[in-house]
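1. here are the coordinates; sequence isn't available:
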């Protein structure tokens, strides 16, 4: 794979300067770049490492002095990080699975595969499953009965798609993702201590120990178009209705989405986020790493929650949150600043008490 600087710039809608006929075969960070690489020097602090490498060309920010940086050519983009989306797509070598259906794959006779579908080794596709045209399905994938996958999906190694899961077009599922496991739904014959605590916020009442009985999950999982699910993430099927993930939502590694959850469009869920059952998440929401959300809650559109935030109540649209329990980010930061001053305040109070006590003795 080789491109000239001019070809890359035209594909990105960017501007090429200098020796635009230079050929590059891969991307590299500035310090690691060789003559065959396009260096990613998208900020002045990154460009400072260019002398440590041997790059002839680089992707730069607008206004950079490419000649002073010792380069023979450069590509300028108004938003270099956005340009990297198209650039990395051009340079992606793929997974090397090859084409066609591997001889070791097991595809049920009633399954329907569209044109140009690749199925990797040891993959199993169940009865009446429908796979859209152009899908690439890696090795050791399991696709259950009556599952539907839209066109041009990328289903990577070891993904598990349960029966009746419905997936939109151009979805990417990373290794080990599980869609359609049963929800974590159990009930006791009599009112449990947990139920009492939810009502009283502290008192278990007279509840006795009981065994839990399983509630089966009859719903499934629905993913919209252009959704991405990270490695080893899990999305549980609904109890009666489906668990739903909206179009263009991106889910990171090790995310847990419980039964009946509804997530809107264009939402980002970062690593180790956990969302409990029957909660509704709006559109354009961002949850940073390890955000936790309680069950049966509502989080409005455009909410941002910082890392480690624990959401225990409904959140209105547009709120920016941090902390446990979640509160407005600016309020949490003010509170944290006050907490850091507590030691000094305690010392001041002790000094005042000592001064008052001494003054009393003098009188």
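-> Arrived safely. In this text, all values refer to a predicted model and were calculated from it rather than measured experimentally.
2. need the contact list for residue 60.
-> 41-42, 47, 66, 69, 74-76, 80 (C-beta atoms under 8 Å, 6 or more residues apart in numbering). Glycine gets a C-beta too; all of them are placed from N, C-alpha and C.
3. now with 7 Å, please.
-> The contact partners of residue 60, by C-beta atoms under 7 Å, 6 or more residues apart in numbering, come to 41-42, 47, 66, 74-76.
4. how about residue 189?
-> Residues near residue 189 by C-beta under 7 Å, 6+ apart: residue 210.
5. show me what whichever helix in the chain runs longest packs onto, helices and strands only.
-> Across the chain, the helix with the greatest residue count (assigned by DSSP state H) is helix 342-362. For helix 342-362, not one helix or strand is in contact under the criterion 3 or more C-beta pairs under 7 Å, 6 or more residues apart in numbering; DSSP states H and E.
6. can you tell me what sits against that helix?
-> The set of residues external to helix 342-362 that reach it, using C-beta under 7 Å, 6+ apart, is empty.
7. start the count at 221, not 1, going forward
-> All set: I'll call the first residue 221, so the last point we hit is now helix 562-582.
8. for the helix or strand containing residue 266, list every residue counted as buried.
-> Using DSSP states H and E, residue 266 sits within helix 264-267. Under the neighbour-count criterion of 16 or more other C-beta atoms under 10 Å, helix 264-267 has 266-267 buried.
9. one more: stretch 389-407?
-> 389-400, 402-403, 405.
10. which one of those residues sits closest to residue 328?
-> For the buried residues of stretch 389-407, the closest approach to residue 328 (C-beta to C-beta) belongs to residue 400, at 17.2 Å.
11. so residue 339 makes contact with residue 321?
-> Yes: between residue 339 and residue 321 there is a contact under C-beta atoms under 7 Å: 4.4 Å.
12. need the contacts of residue 280 in a markdown table (columns: pLDDT, distance to residue 325 and secondary structure).
-> Below are the contacts of residue 280 laid out as a markdown table (pLDDT from 0 to 100; distance: C-beta to C-beta, whole Å; DSSP: H, G, I helix; E, B strand; the rest coil):
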| residue | pLDDT | distance to residue 325 | secondary structure |
| --- | --- | --- | --- |
| 261 | 95 | 44 | strand |
| 262 | 94 | 42 | coil |
| 267 | 95 | 48 | helix |
| 286 | 95 | 50 | coil |
| 294 | 96 | 46 | strand |
| 295 | 96 | 42 | strand |
| 296 | 96 | 46 | strand |
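13. number of nearby residues for the closest residue to residue 249 other than its chain neighbours?
-> Spatial nearest neighbour of residue 249, chain neighbours left out: residue 260 (6.1 Å); criterion: C-beta to C-beta, 6 or more residues apart in numbering. Neighbourhood size, residue 260 [other C-beta atoms under 10 Å]: 23.
14. again with residue 337
-> Residues near residue 337, counting by other C-beta under 10 Å, number 22.
15. against residue 441, how distant is it?
-> 21 Å (C-beta to C-beta, to the nearest Å).
16. which strand or helix spans residue 241?
-> With DSSP H and E as the test, residue 241 turns up in no helix or strand.
17. need the contact list for it.
-> 224, 226 are the contacts of residue 241 under C-beta under 7 Å, 6+ apart.
18. could you report the distance from it to residue 534?
-> According to C-beta to C-beta, residue 241 and residue 534 sit 59 Å apart.
19. which pair in the buried residues of stretch 389-407 spans the largest distance?
-> Of all pairs in these, the most separated under C-beta to C-beta is 390 and 405 at 31.7 Å.
20. hmm, back to that, check whether the residue nearest to residue 249 sits in a helix, strand or coil.
-> The assignment at residue 260 comes out as strand when based on DSSP: H, G, I helix; E, B strand; the rest coil.
21. contact partners for residue 369?
-> Here residue 369 is in contact with 351-352, 355, 387 (C-beta under 7 Å, 6+ apart).
22. and which of those is nearest residue 304?
-> Using C-beta to C-beta, the contacts of residue 369 come closest to residue 304 at residue 355, 25.8 Å.
23. now the closest one. Nearest residue, chain neighbours left out?
-> Using C-beta to C-beta, 6+ apart, the nearest residue to residue 355 is residue 373, at 4.4 Å.
24. phi, psi for that neighbour please.
-> Phi and psi for residue 373, reported as degrees, to the nearest 10, are phi -80, psi 150.
25. quick one: residue 396 and residue 378 touch, right?
-> Yes: with contacts defined as C-beta under 7 Å, residue 396 counts as touching residue 378 at a distance of 5.0 Å.
26. quick one: residue 247 is in a strand?
-> Yes: assessed by three-state DSSP, residue 247 belongs to a strand.
27. if it is in a bridge, with which residues?
-> residue 258 (DSSP bridges).
28. same deal with residue 518?
-> residue 500.
29. measure it to residue 531 for me?
-> Remark: distance between residue 518 and residue 531 (C-beta to C-beta) = 10 Å.
30. between the two, point out the one with more neighbours.
-> More crowded of residue 518 and residue 531, by other C-beta under 10 Å: residue 531, with 24 against 15.
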